[in-house]
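1. Kindly generate the corresponding structure for this input.
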Amino acid sequence: MTAAPLRAQDTETPAPAPADTSSAKTKPRLFGGLRYGAPLGGSIYGAVMLARPNALGYTGPTLAAEVGRDGMRASLGAGAVWFGSQRAQVSVIRTWDPHGDVRADQTYIGPEIAVGMILGVTIGHYWRVGDGEGPARVFAIGSYLGI
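-> I've put the predicted structure just below:
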């Protein structure tokens, strides 16, 4: 009985294909809507999120701007979109007309959160920057239609 001679394998094993990472890339997502609440009154807002997909939806940093009847707001924060939207942000508000106790030509800064699903609510607590008339702190609740 004779054994066959051993030979080395002369074909290369192909390298595995690279994993598809396109779904994990950060992409800008635009959001917007209508809002009503102190101290801006009625307003329109727009935001961009540098969204990173995850198992539930998207998360990422957000930058938002809002212009209203009584003032304007700029916000920087973090947000998530899944079964609605959630944002936690720091906002700077500048008023040009009085709204409730808040006087015209005042600047406020403070944290706020927004939670909703097409129809949502915002809650914020703001401190006046510098001297001025009216309250030094403002607690505000608003509602919005949008994302």
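2. Give me the buried positions along stretch 126-139.
-> 126, 128, 132, 134, 135, 138 (16 or more other C-beta atoms under 10 Å). The way it works is simple: take the backbone N, C-alpha and C, and place the C-beta from them, glycine included.
3. Between which two of these is the distance greatest?
-> Of all pairs drawn from the buried residues of stretch 126-139, the greatest distance, 12.7 Å, lies between 126 and 132 (C-beta to C-beta).
4. element containing the residue nearest to residue 45 when sequence neighbours are not counted?
-> Spatial nearest neighbour of residue 45, chain neighbours left out: residue 66 (3.8 Å); criterion: C-beta to C-beta, 6 or more residues apart in numbering. In this assignment (DSSP states H and E), residue 66 forms part of strand 58-68.
5. So, low pLDDT: which residues of the chain?
-> Within the chain, the segments meeting pLDDT under 70 span 1-24.
6. Which strand runs longest in it?
-> strand 107-128 (DSSP state E).
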